[in-house]
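Enquirer: A structural model of the following input is requested.
(one chain, ligands or ions: 2)
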Amino acid sequence: MFDWNYWLELFGARAYALVIRRPDASDRLTDAERELIADSIGTFQLGEQSEGRTLQGFAEKFALERGIAELPAVTALFIREEQHHAAQLREFMLANGIPLKQKNWTDSIFRRLRKLAGYEAAVTILVTAEMIGFVYYRALARATESRHLKTICREMCADESVHLRYETQLLMTLRGKRTPLLRSCVEFAHRALVAIASRVVFHDHARVLRHVGYTPRSFHKDCASIYRMVMKTGAYRPRSRDTQGDVTS
Ligand SMILES: [Fe+2]
Ligand SMILES: [Fe+2]
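Expert: Residues are numbered from 1 along each chain as shown. Ligands and ions are numbered 1, 2, ... in the order given. I've put the predicted structure just below:
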């Protein structure tokens, strides 16, 4: 069962630990590192910043329909963590003379898809972006000698693993409402989305990813293994329970 109070308390407690780390004056990227990662990190900074209004809007509508009083607050706290990632990356970029981005085509696609979607599809798109982000930040930590960048990448990976646990439990509860056949179709579509998105992201961030030894195939393999790992942690609810109160219980 989905325990809204658990997530409300957890995200509420975590909100106090959201402090921005400032890099040491001695800890700066070399020119070669800056040239390698600037464009790529700018795109991820933009992506972290874009989580927000659309998801909150979907969550509020869904909460009203299903009578889930905690959902808007949980979503707002979750978005705050993503905004913190954006602020942390922004601080790092400014300290290292990397210009902020206003627009990127992959970010625009994710934004547009989320706007078209309903709540469940928006969470599906979000969890896909988080899985790929997790693999990317792990790679970015290996692509640099900067202690500060390594630290913030590892902290973001730790945060994303909490987010992935929240989102997959939520997603599985939502999907538990479907018939087994429809659920299989949805899972197939989700795996296809992970495959397509991981290849698109590889194309857009090829220099950083190739620098740490990734190929399109091995990057997708790691994204797919995160998918398998996190989707196994939740459990589908039997359909009979759905008649008694959806995801509120
Ligand atoms: Fe994030
Ligand atoms: Fe996240």
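
Enquirer: which SSE is whichever residue of the chain sits closest to ligand 1 in?
Expert: In the chain, the residue that lies nearest ligand 1 is His85 (3.9 Å; CB to the ion). All C-beta spots, glycine's among them, are computed from the backbone N, C-alpha and C. Using DSSP states H and E, His85 sits within helix 71-95.

Enquirer: what lies in contact with that helix?
Expert: 4, 7-8, 11-12, 14-15, 18, 20-23, 28, 38, 41-42, 44-45, 48-49, 51-52, 55-56, 59-60, 62-63, 98-100, 148-149, 152, 155-156, 159, 163, 166 (CB atoms under 8 Å, 6 or more residues apart in numbering).

Enquirer: mean confidence for it?
Expert: Helix 71-95 carries an average pLDDT of 95.

Enquirer: and the longest helix anywhere in the chain with ligand 2, contact?
Expert: Longest among the helix segments of the chain by residue count, using DSSP state H, is helix 147-175. Yes - judged by CB under 5 Å from the ion, helix 147-175 and ligand 2 are in contact via Glu160, His163.

Enquirer: next, count neighbours for Glu33.
Expert: Counted with other CB atoms under 10 Å, the neighbours of Glu33 add up to 17.

Enquirer: can you give me phi and psi for the residue lying closest to it once chain neighbours are set aside?
Expert: In space, and not counting its chain neighbours, Glu33 is closest to Thr144: 5.5 Å by CB to CB, 6 or more residues apart in numbering. The phi/psi pair for Thr144 (degrees, to the nearest 10) reads phi -130, psi 160.

Enquirer: got a list of what Thr144 touches?
Expert: Contacts for Thr144 were tallied using CB under 8 Å, 6+ apart; they are Leu29, Glu33, Ile37, Lys150.

Enquirer: which residues touch the first one?
Expert: When you say that, I think you mean Leu29. By CB under 8 Å, 6+ apart, the residues touching Leu29 are Ile37, Asn96, Thr144, Ser146, Leu149.
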